[in-house]
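Peer 1: Make a model of this:
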Amino acid sequence: MTSDWTPTEEEARTLARYKQARKTEKELKPETRTIALDALRKGANPAQLAELTGESAETFRRIRDANNIPVDPRYQSRAELARARKAALESTNPGNSS
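Peer 2: Here you go, the predicted structure:
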């Protein structure tokens, strides 16, 4: 395979913007995670943080669970079911945990 491809000006601009966006994301991610952890401890819920950041609510559920932050009582039974499913999956596939 040869390397004959050269991007058009528009493609090059789009790719450069994407590269900059990834760099910005890497810079902001640690601080965003710190803010999210503090917010979760203060009572924010994963859906609120997802709406504010564009991340999935699952990202913030994982942060909450990894830090043993209590789940809102309204969602406790759902959280327990999810944790039980995860534990069952990990016990059947011990090398495939995330």
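Peer 1: and the helix or strand where residue 29 lies, average pLDDT?
Peer 2: In this assignment (DSSP states H and E), residue 29 forms part of helix 9-41. Averaging pLDDT along helix 9-41 yields 98.
Peer 1: Also stretch 90-98?
Peer 2: Mean per-residue pLDDT for stretch 90-98: 72.
Peer 1: distance between the helix holding residue 29 and the chain's centre?
Peer 2: On the basis of Cα atoms, centre = their mean, to the nearest Å, helix 9-41 sits 12 Å off its chain's mean C-alpha point.
Peer 1: which strands and helices sit next to the next helix or strand after that helix?
Peer 2: Next in sequence after helix 9-41, counting helices and strands by DSSP H and E, comes helix 46-53. Counting contacts by 3 or more Cβ pairs under 8 Å, 6 or more residues apart in numbering; DSSP states H and E, helix 46-53 is packed against helix 9-41, helix 57-66. Where C-beta positions appear, they are placed from N, C-alpha and C, glycine not excepted.
Peer 1: which of these is buried the deepest?
Peer 2: Each of these was scored by mean neighbour count; the highest is helix 57-66, a mean of 16, by mean count of other Cβ atoms under 10 Å.
Peer 1: who does that one touch, helix- and strand-wise?
Peer 2: On a contact count with 3+ Cβ pairs under 8 Å, 6+ apart, helix 57-66 meets helix 9-41, helix 46-53.
Peer 1: on that earlier part again, in a markdown table, list the helices and strands packed on helix 46-53 along with distance to residue 51.
Peer 2: Output for the helices and strands packed on helix 46-53, formatted as a markdown table (distance: least, Cβ to Cβ, whole Å):
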| stretch | distance to residue 51 |
| --- | --- |
| helix 9-41 | 12 |
| helix 57-66 | 9 |
